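Visitor: Using only what follows, build the 3D model:
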Amino acid sequence: MTEIVKKPKSSIWSKIGTFFGILFSGIVMIIGFLIATPFFLLSILFNWIKLSFGFTLFWFIANLIYTSVILDSQKFEPFNGTIVLIIIGLGLLTSIFVTISEMKE
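Guide: From the prediction side, this is the model:
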């Protein structure tokens, strides 16, 4: 005849311990996320300001050379609404990439 092997029952204390272990682990993960998020956003903000300033300076010099040397024009207006929007958008996009690459180092 075959013997029937009974599985050992897990006690109620084991189930309660597992529940609180999962709960504690989730709370620690949420708290860690809430602590890290402001630092990540501040890093993006600082990189956004630095990169937008750099793009603005580059655009000013490039447009000055193009307008005065290549086109030989006296009309110099380097910034309009579209260019400012492009510089801000490009600065934001590159600041996100730079911040992520700095985190990997």
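Visitor: Setting aside sequence neighbours, what's the nearest residue to residue 55?
Guide: Of all residues not flanking residue 55 in the chain, residue 87 sits nearest, at 4.9 Å (C-beta to C-beta, 6 or more residues apart in numbering). Glycine gets a C-beta too; all of them are placed from N, C-alpha and C.
Visitor: Centre of the chain to whichever strand or helix holds that neighbour, how far?
Guide: Using DSSP states H and E, residue 87 sits within helix 81-104. Centroid displacement of helix 81-104 relative to its chain, using C-alpha atoms, centre = their mean, to the nearest Å, is 10 Å.
Visitor: And for stretch 4-20?
Guide: Mean C-alpha position of stretch 4-20 versus that of the full chain (C-alpha atoms, centre = their mean) differs by 43 Å.
Visitor: For it, list the C-alpha coordinates in PDB.
Guide: Output in PDB follows, covering the C-alpha atoms of stretch 4-20 (Å, rounded to 0.1, in the frame of the first residue of the first chain):
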ATOM      1  CA  ILE A   4       0.000   9.300   2.100                       C
ATOM      2  CA  VAL A   5       2.500  12.000   3.000                       C
ATOM      3  CA  LYS A   6       0.900  14.900   4.800                       C
ATOM      4  CA  LYS A   7       2.200  18.400   4.100                       C
ATOM      5  CA  PRO A   8       3.200  20.300   7.200                       C
ATOM      6  CA  LYS A   9       0.700  23.000   7.900                       C
ATOM      7  CA  SER A  10       2.100  26.500   8.200                       C
ATOM      8  CA  SER A  11       1.000  28.100  11.400                       C
ATOM      9  CA  ILE A  12      -0.900  31.300  11.700                       C
ATOM     10  CA  TRP A  13       2.200  33.100  13.100                       C
ATOM     11  CA  SER A  14       4.100  32.200   9.900                       C
ATOM     12  CA  LYS A  15       1.300  33.700   7.800                       C
ATOM     13  CA  ILE A  16       1.100  36.800   9.900                       C
ATOM     14  CA  GLY A  17       4.900  37.200   9.700                       C
ATOM     15  CA  THR A  18       4.900  36.900   5.900                       C
ATOM     16  CA  PHE A  19       2.100  39.500   5.700                       C
ATOM     17  CA  PHE A  20       3.900  42.000   7.900                       C
END
